[in-house]
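*Asks:* my questions are about this predicted structure, shown below with the sequence.
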Amino acid sequence: MWVIRDFEPADAPALRALFHAAVHARARAEYTQEQRDAWAPLSYDVAAWGARLQSNRPFIAQGRAGDGVATIAGFSDLQPTGYIDHFFVAPAHAGQGVAQALMAHIHAQAALRGISRLWADVSLTAEPFFAKSGFAVEARQQVERHGVVLSNARMAKRLTGAAGVGQ
């Protein structure tokens with residue numbers, strides 16, 4: 001069982017480690033080493049990462065390890081426009097319901113906030129999960145990260161019964 005909680009600034013280093021691990025372990029089949037290194041380099045600007053998280057206010061999926069220690073299993077966010085900027089699950093927790101718990105939380109938050117459309121720039125790795133969650137591809141994209149081109153998809157989902165913001 002995963003508990004979804006709000007971001008705390010002290011989470012920033014753990015979320016960066018999770019992001020790096022997720023990109024490098026989970027995206028091997030769809031992206032080359034060069035692409036993964038550009039997307040999630042080992043070295044990064046700590047202040048910029050912390051500021052981005054502070055601005056995005058991600059949701060944290062947390063559980064307890066066998067020894068009772070709290071562990072961060074994944075994180076995601078929901079922006080006022082319905083945009084999902086981050087959606088990552090730790091490799092050690094893949095296939096354990098973390099992504100489903102995060103997506104359910106995003107949907108619940110969208111309903112509370114009156115958001116009528118969810119959308120994201122989704123990696124090729126995450127595309128099947130988003131499709132199973134009711135998102136459809138709107139556009140195929142080529143994005144540049146540190147001089148390296150990566151493919152992804154703009155995916156979106158209309159929410160029924162919600163009236164409000166959305167792009």
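*Replies:* All right, it came through fine.

*Asks:* where does the prediction get shaky in this protein?
*Replies:* Along the chain, the parts satisfying pLDDT under 70 run over 64-69, 161-167.

*Asks:* hmm, 80 instead?
*Replies:* 1, 64-70, 161-167 (pLDDT under 80).

*Asks:* okay, strands next: where are they in it?
*Replies:* Using DSSP state E, the strands found in the chain span residues 3-6, 59-64, 70-76, 83-84, 87-89, 117-123, 136-145, 148-158.

*Asks:* looking at these, which is buried most?
*Replies:* Greatest average neighbour count among the strands of the chain goes to strand 87-89 (a mean of 25), per mean count of other CB atoms under 10 Å. Just so you know, the C-beta spots here come from the backbone N, C-alpha and C atoms, and that holds for glycine as well.

*Asks:* packing partners for it?
*Replies:* Strand 87-89 is packed against helix 12-26, strand 70-76, helix 98-113, with contacts defined by 3 or more CB pairs under 8 Å, 6 or more residues apart in numbering; DSSP states H and E.

*Asks:* chain center to that strand, what's the gap?
*Replies:* Relative to the chain's own centre, strand 87-89 is displaced by 4 Å; criterion: CA atoms, centre = their mean, to the nearest Å.

*Asks:* mind listing residues that contact that strand?
*Replies:* For strand 87-89, contacts defined as CB atoms under 8 Å, 6 or more residues apart in numbering pick out 18-19, 22-23, 26, 61, 73-77, 98-99, 102, 120, 122, 126.

*Asks:* that one: partners in the sheet, and parallel or antiparallel?
*Replies:* In the sheet, strand 87-89 lines up against strand 70-76 (antiparallel) (DSSP bridges).

*Asks:* wait, Ala27 sits on Arg36?
*Replies:* Yes: if you go by CB atoms under 8 Å, Ala27 and Arg36 touch, sitting 5.9 Å apart.

*Asks:* now the most centrally placed residue in the chain: how far from Ile60?
*Replies:* Using CA atoms, centre = their mean, the residue of the chain that lies closest to the mean C-alpha position is Phe87, 0.8 Å off. Distance check for Phe87 against Ile60: by CB to CB, to the nearest Å, it reads 12 Å.

*Asks:* need the residues touching each of those two.
*Replies:* Here Phe87 and Ile60 share the contacting residues 74-75, scored by CB under 8 Å, 6+ apart.
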